[in-house]
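Chemist: Okay, here's the prediction I keep looking at, along with the sequence it came from:
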Amino acid sequence: MVQQIRPGKWIPVVVLALMGSLGADAQQRPNPANAKPGTAPATAATPTPPKPSGPKPYKDVITSKAVSDEGLLTVHKVEDKYYFEIPDKVLGRDILVVNRLSKAAAGMRNFFFGYAGDKIGDNVIRFEKGPNNKVFLRLISFDEMAGDSTASMYKAVANSNIQPIAQSFDIAAFGADSTGVVLDVTSFLNSDNEILNFEGSAKRTFRIGNYQADKSYISSVKSFPINTEIKTVKTYGRSAGATPGAPPAMAPPSGSYTVEINSSMMLLPEKPMQPRYYDERVGFFTRRYVDFEKNPQGVESVSMVTRWRLEPKEEDVEKYKRGELVEPKKPIIFYIDPATPKKWVPYLIQGVNDWQAAFEKAGFKNAIFAKEAPVNDPEWSLEDARYSAIVYKPSDVPNASGPHEHDPRSGEILESHINWYHNVMQLLRNWYFVQASPNDPRARAPQFDDKLMGELIRFVSSHEVGHTLGLRHNFGSSSSTPVEKLRDKKWLEENGHTPSIMDYARFNYVAQPEDNVGEKGLFPRIGDYDKWAIEWGYKWYPQAKSAEEEKPILNALTIERLKDKRLWFGRETNPDDPRSQNEDLGDNSMKASTYGIKNLQRIIPNLQAWTKEPNENYETLSTLYNEVVTQFNRYVGHVSKNIGGVMETPKTVEQAGAVYEIVSREQQKEAMDFLNKQVFTTPTWLLDQQIFAKTGNTGTAVVNRLQDAALGRLLSAGTINKLLNAEATMGTKTYTLNDMMTDLRRSIFTELPTRKPIDIYRRNLQKNMVERLLTFLKPATAPASLGGGITISFGPTISRNSDALSYARGTLRSLQTEIRTALPSYTDTATRYHLQDLLDRINDGLTAK
């Protein structure tokens, strides 16, 4: 075997084993020839002396052979054993443990996960002295809290929330100065425990099986001032079968995974940062807990935002109070992974630095910046929890993400590892091509030049950094921009096409070529909302000594700021508000989408020329044609959400006006007219037979996909229930379910009154509508059973007592009458068979028991 003494120095150790072949009787027989003079020979009856118990002298444990590393925990390596020397000042302190893959196993990747740098678990732990010379490691939860440690409620909550002991250690020795404790952690580090390994959900994701100790070992342990970094190589069995969420074809065979895990043990601040309570009018990620003391008459679920701790230096406090810009005590620094291709590094750095202007609104200059990681510095590591980084991942995943680690006691963000997947560039190419190529000649190619791609990388970098600052997506931001302003070159250069880079607004697809809008009017950038959100989250209020005292200050500021509608926050999870949508632009989806379609219609005739590559096949042509179809489908979705739409504008009691408002009848009717014109009337501009001949696409498949998606949204339980609820509230002043059913029937069956032949695209659409209406008449499917009497259903459902069934039956009967009346006038075989088939389906559905 090979024994590692210190990094870079290896010493071979030979272990010899002598295997005796004597029988049991012979092995118990004393061997006088080997006995030492003056001692009695051992016999089977001689008892084995007990091992000495209790701590040993320090020098007997941490011998002259020890290789030591001082830091948060002093780490000693004595031959093949590892010891933690924990000072008294660390005992009882909260320590955040973050586990990441420093080297991932071959074949374990699952879409976005399974790459080097991915987090696989985290915990908060605490080392505490116990009785009988023991030290206990507790797992700490902060899901239930009471603030005042002197109050009786605090003690009651503590008594009902004893934190579990996850590990027990014998004290091997007391510290060299008789303080602190020395623990043998060798078996702990090298075991499969819940502290330093995959958490349960990660094990299920990767199908991690039994731990194989004989194929696992400790690689290194290093200690730094506020953290200790542990690297272990661990091997697990791999169970066969598909990974949850992955196609069956991706199911790995059974076998083994060998991974290198980096576990960061980071000391949490002795005094937690003052938290800031979440306000739903500003989009921040949150940490929630149950507070037993905040509400004197009950418990309350409290949400505090996650944010970095930014405070002025002591010598700059008065300057800050006077409104002067000051540098924070500790700025936010991101390092660029050394593995990142050099040509993209300046753009990633600029994407981070772009946030400096936003922090100036909070009173701080140079509050955030990025720089390249140190080269050949043994004290710097990508896995070191003291450093935040943009981590480059050589992956075919077209994505990037910006997670962060925070103190669960206060929401303080401690560090972040932004995931930058190599293939995000393909995603950027596709987006920019379909949304901007009519306005930017640089995008009319299968491969972009480095400058254009670099600027696209800079945009995504800024977006992901925003997440690491605590900001959620603001899907409502772009709705504050009037559509016609999206064609105004001067206005766009001053304001941008969306007030927030945290929106999924991507690129300005509304601008038309004749508008001569340049890059500043096409690209998103850090805007007015982003600056306001950073001001709200990071401005320092020394006069407020608690989150409660901050609350009225922030509320007054928020009410004042929100008089500017560009600062409105629309949450990304709102299913009802048409203002809160991803990939949309402007204050009117119908107008914006009409302009967007005009640009798509410019792309199709040029698609073959713009995707042509010498010596290549038509894969790029196929990919980008499908991207055009996808973009068109996005427009359809944006418009459809207006029908049955309910706008939500969160307010406090100091603000006037309604929180919930139903989208106007006129706007819903405008949406239906758009769908009739652009979707239910066959979009023939998409049906390019030359493209189909080279890509294998078919017109019926493309059109069916678009029309089916539109019908699915309109005739969904969610939309129908919202229309019925609106009618109950407003009567005929709103757009009703009857209005929608009538408009659908007239637009989809427009040939019947005129007796025009019905082509294949329209026949497919009409069958689709009839089948969806017939679905309402079928008995409801029982909710899925989870066993034990527990059932689960997904999404809104329609009650058997709902008017939806009446309208479905009424619409089918109207169609039944119209088809019977029109059928004798048709002579072409396809139309006659189609209408006869529809009649049979409707008759069967209406008469079925």
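Modeler: All right, it came through fine.
Chemist: Only C-alpha atoms from now on, for both contacts and neighbour counts.
Modeler: OK.
Chemist: What is the burial count for residue 658?
Modeler: Applying other C-alpha atoms under 10 Å, we find 11 other residues in the vicinity of residue 658.
Chemist: mind checking the SS state of it?
Modeler: When classified by DSSP: H, G, I helix; E, B strand; the rest coil, residue 658 comes out as coil.
Chemist: From residue 650, how far out is it?
Modeler: From residue 658 across to residue 650, the span is 9 Å (C-alpha to C-alpha, to the nearest Å).
Chemist: Same check on residue 396?
Modeler: Residue 396 is 40 Å from residue 650, by C-alpha to C-alpha.
Chemist: how about residue 402, what does it touch?
Modeler: If you count contacts by C-alpha atoms under 8 Å, 6 or more residues apart in numbering, residue 402 has them with 416, 417, 418, 419, 464, 465, 466, 467, 468.
Chemist: Now intersect these with the strands, please.
Modeler: 417, 418, 419 (DSSP state E).
Chemist: So which of those residues is the closest to residue 189?
Modeler: Nearest to residue 189, judged by C-alpha to C-alpha, of the ones in strands among the contacts of residue 402 is residue 417 at 23.8 Å.
Chemist: Break down the stretch 101-250 of the chain into its strands, ranges please.
Modeler: All strands of the stretch 101-250 of the chain, identified by DSSP state E, counting those that start in this stretch, fall at 119-130, 134-139, 144-145, 165-174, 181-184, 208-211, 217-223, 227-238.
Chemist: I meant to write the stretch 401-550 of the chain there.
Modeler: Ranges of strands within the stretch 401-550 of the chain are 405-406, 413-415, 417-421, based on DSSP E, counting those that start in this stretch.
Chemist: Give the burial count for residue 616, as a bare number.
Modeler: Here the number of neighbours of residue 616 (other C-alpha under 10 Å) works out to 8.
Chemist: Backbone torsions only: list them for it.
Modeler: Residue 616 adopts backbone torsions of phi -120, psi 160, taken as degrees, to the nearest 10.
Chemist: before we move on, the earlier item: closest one to residue 410 among the strands of the stretch 101-250 of the chain?
Modeler: For residue 410, the closest of the strands of the stretch 101-250 of the chain is strand 144-145, at 11.5 Å, according to C-alpha to C-alpha.
Chemist: just the strands in the stretch 651-800 of the chain please.
Modeler: Under DSSP E, counting those that start in this stretch, the stretch 651-800 of the chain gives strands at 660-662, 784-787, 790-792.
Chemist: I'd like to know how far residue 803 sits from residue 728.
Modeler: Distance, residue 803 to residue 728, by C-alpha to C-alpha: 11 Å.
Chemist: the more surrounded of those two?
Modeler: Between residue 803 and residue 728, counted using other C-alpha under 10 Å, the more crowded position is residue 803 (16 against 12).
Chemist: check contacts around that one.
Modeler: residue 724.
Chemist: Quick check: pLDDT value at it.
Modeler: What the model reports for residue 803 is a pLDDT of 94.
Chemist: now residue 844
Modeler: pLDDT recorded at residue 844 is 95.
Chemist: Contact partners for it?
Modeler: Residue 844 makes no contacts at all, as judged by C-alpha under 8 Å, 6+ apart.
Chemist: Shouldn't it be within a helix?
Modeler: Yes - counting by three-state DSSP, residue 844 falls inside a helix.
Chemist: distance of it from residue 556?
Modeler: Using C-alpha to C-alpha, residue 844 is found at 63 Å from residue 556.
Chemist: Let me see the residues that make contact with stretch 573-588.
Modeler: Contacts of stretch 573-588 from elsewhere in the structure, counted by C-alpha under 8 Å, 6+ apart, are 474-483, 486, 497-498, 503-506, 508, 510, 570-572, 592, 634-635, 638-639, 641-642, 644-648.
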